[in-house]
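Undergrad: Below are the sequence and a predicted model; questions follow.
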Amino acid sequence: MAQSNARTDEELEQEFNINQFKRLGGYLKPYKSALIKILFVILISNIVLVLGPYLTSIVIDESIPNKDTGQMTWIIVFFSLATLVGGWCSRYRIQHITLLGQDVLKDMRSEIFEHLQKLSFSYFDTRPHGKIVIRVVNYINSLSDLLSNGLINVISDVLSLVVTLVFMFSIDVKLTLYSFILLPVLFVITLVIQKKQRKAFQEVSNKQANLNAYIHESVSGIKITQSFTRETINNTIFAEVSEDQRTTWMKAVKIQLLLAPAIQNIATITISIIYFVGIRGLGVDVSTGVLIAFIGYVNNFWNPMVNIGNFYNSLITGTAYLERIFETLDVEPEITDAEDAFEMPPVKGDVVFNDVTFGYTPKQTIFEHLSFHVKPGETIALVGPTGAGKSTVINLISRFYDVNDGEILIDGMDIRNVTLNSLRNQMGVMLQDTFIFSGTILDNIRYGKLDATEEEVMEAAKIVRAHEFIINMKDGYRTVIKERGSTLSAGQRQLISFARTLLSDPKVLILDEATSSIDTQTEIILQEGLDRLLEGRTAFIIAHRLSTIKNSSRIFYIADKKIQESGSHDELMAQKGLYYELYKTQFDLLQEI
Ligand SMILES: Nc1ncnc2c1ncn2[C@@H]1O[C@H](COP(=O)(O)OP(=O)(O)OP(=O)(O)O)[C@@H](O)[C@H]1O
């Protein structure tokens, strides 16, 4: 799969799609009134701009030959006031355009973040997370230029072009037409550059995504890197990925830089043509003042053309990023509420798998015709060889994936018929890699129940035996935990996670026990904590500790796409089957240790 590797380029889309810009324009809708104000101010500053050459022509053709100092003074005073107004307009424009651009970016960023939170596990399974993060941060930031200086400035430039053209046509139609003589050349150059530039910037976005994904992966796996002393090899790989990004960037910029000088050269040639036509009087009859004013307008005409050219460049660059942003926004979550989904009422915790068949991919099933019934309050230990599907069972109960066939019922309700929120609110999921967020211990325990009081947090911590170690820490419950709880021991992380789960009071508990070996003392504390947590709840535990397995109501031995053995510890031991063998191997191993 193309996106599954940090160093593999994401696939390039082939067609340029104008709808992307319409869609981008849609983000401006909530800011209509601000936009109208800005446009009005832009119109005023453009009128001030065209006044300059017009007043100059009056001074050259009338005031100076007639030595009319009165007229000249009025013109100077009027023009000075107009320039002041123009200056204020420019400031207003820049300030408000920047604000508007940033508002739009903030909206887009929130939209993509909210959308990501809804996407199913399968989306995250198949992509390096660095390639997802870059879309929310870097790609959106890359549009800043397009939105702040581009999209809206271009409106100003188009307005300026229109006002200038009106003045030019009113002075001399023929001379104005001469000014357009090189427009077809510009059109051809633009077309040629556009295709190359778009492709080049798609490459750039791919290489940026690869770089980001590699950095993200390396930082997440830094402990493994250092323990395997892979630093040198990783540096070499990073240098290659980084070089790829540099090369593609330079290639893209070289293409990007072709347009502005082309427009500037065309502008200069056009001005020469106007001088030539004006001086030789080729079909036109204009005074020196008008000719000088006209050259001013030609400049006024070509300056916005250069800006529009630059905007066009940003647009093409932005397309590469927009495509990726909209592509992410268009991914439909695979797991969603059914149209007629209802709120699941508080459940007792009766769980039924009825003839369930499931595979992460259609070709490879993990379970076939799996059926079992777990009564409220039972604790089920899931055991079996690695890769047998123990985690898959717990993924299915929380509906992180949908079954291919059959049904899963909780208190008699098919979990696909109830809302995801009401289902997951009644589930407590604790995964092997206990996730601790940056913040205080208090915040971490409160994660699933934000309105819990400090007393409630402490009460939960006391019940699961976490309170003791927490109050012995420097700032007690207000101790700030660093990145993913790296300053805590594995046992401490688990106890915090027990307290967090207890506080959210789930009816069905799902627990993937940590495999890391813990000392007997911690094992006793954890077992006590767990026992309190399990009281009155249905629980599925991928059990690695013998104490947990022995205490459970029933054990499911999973292998070869089904439950091979089921029963209490004593029953399965007496059966002397697969579980007996597994238990003996683990027990022997422990004895050896
Ligand atoms: N997100 C996924 N996409 C595709 N295949 C997956 C995914 N997760 C797991 N699998 C595959 O499904 C099978 C069952 O995996 P599962 O994690 O349920 O096994 P397990 O019994 O929990 O293993 P372990 O004891 O090693 O944790 C494995 O073959 C695994 O490769």
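TA: The structure has been received and is ready for your questions. Residues are numbered from 1 along each chain as shown.
Undergrad: For the ligand, what is the nearest residue in the stretch 201-350 of the chain?
TA: E334 (12.1 Å; Cβ to the nearest ligand atom). To be clear about C-beta, it is placed using only N, CA and C from the backbone, and glycine gets the same treatment.
Undergrad: ok, and the closest non-adjacent residue to that residue?
TA: S120 (4.1 Å; Cβ to Cβ, 6 or more residues apart in numbering).
Undergrad: Return the distance of the one you found relative to L161.
TA: Noted for S120: a distance of 49 Å to L161, by Cβ to Cβ, to the nearest Å.
Undergrad: follow-up on the earlier one: which residues does the residue nearest to E334 contact?
TA: P333, E334, I335, F400, Y401 (Cβ atoms under 8 Å, 6 or more residues apart in numbering).
Undergrad: Is the first one in contact with Q117, as I believe?
TA: No: with the criterion set as Cβ atoms under 8 Å, P333 and Q117 do not qualify as a contacting pair; they are 9.6 Å apart.
Undergrad: between the two, who's got more neighbours?
TA: Taking other Cβ atoms under 10 Å, P333 and Q117 do not tie; P333 has more neighbours (15 against 8).
Undergrad: Need the three-state assignment for that one.
TA: Classification of P333 using DSSP: H, G, I helix; E, B strand; the rest coil returns coil.
Undergrad: ranking the contacts of S120 by neighbours, who comes first?
TA: Most surrounded of the contacts of S120: other Cβ under 10 Å gives Y401, at 19 neighbours.
Undergrad: so where's the longest helix in the chain?
TA: Scanning the chain for the longest helix, with DSSP state H as the assignment, gives helix 69-118.
Undergrad: Give me the mean pLDDT for the next helix-or-strand element following that helix.
TA: Heading C-terminal from helix 69-118, the first helix or strand you meet, by DSSP states H and E, is helix 121-125. The average pLDDT within helix 121-125 is 80.
Undergrad: Check stretch 146-153 too.
TA: The predicted model assigns stretch 146-153 a mean pLDDT of 70.
Undergrad: again, but for stretch 442-458
TA: Stretch 442-458 comes out at a mean pLDDT of 87.
Undergrad: Buried residues in that stretch, which are they?
TA: Within stretch 442-458, the residues that count as buried by 16 or more other Cβ atoms under 10 Å are L442, D443, N444, I445, R446, Y447, G448, K449, A452, V457, M458.
Undergrad: and the helix or strand hosting the second one, what other elements does it pack with?
TA: With the criterion set as DSSP H and E, the secondary-structure element containing D443 is helix 441-445. Using 3 or more Cβ pairs under 8 Å, 6 or more residues apart in numbering; DSSP states H and E as the contact criterion, the secondary-structure elements in contact with helix 441-445 are helix 454-463, helix 490-504.
Undergrad: so the residue of the stretch 201-350 of the chain closest to the ligand touches F124, yeah?
TA: No: taking contacts as Cβ under 8 Å, E334 lies outside contact range of F124: 11.4 Å.
Undergrad: do you know how far the spatially most central residue of the chain is from A82?
TA: The chain has V136 as the residue nearest its centroid, 2.7 Å off, counting by Cα atoms, centre = their mean. According to Cβ to Cβ, V136 and A82 sit 45 Å apart.
Undergrad: Checking my notes, F353 in a strand, right?
TA: Yes: assigned with three-state DSSP, F353 falls within a strand.
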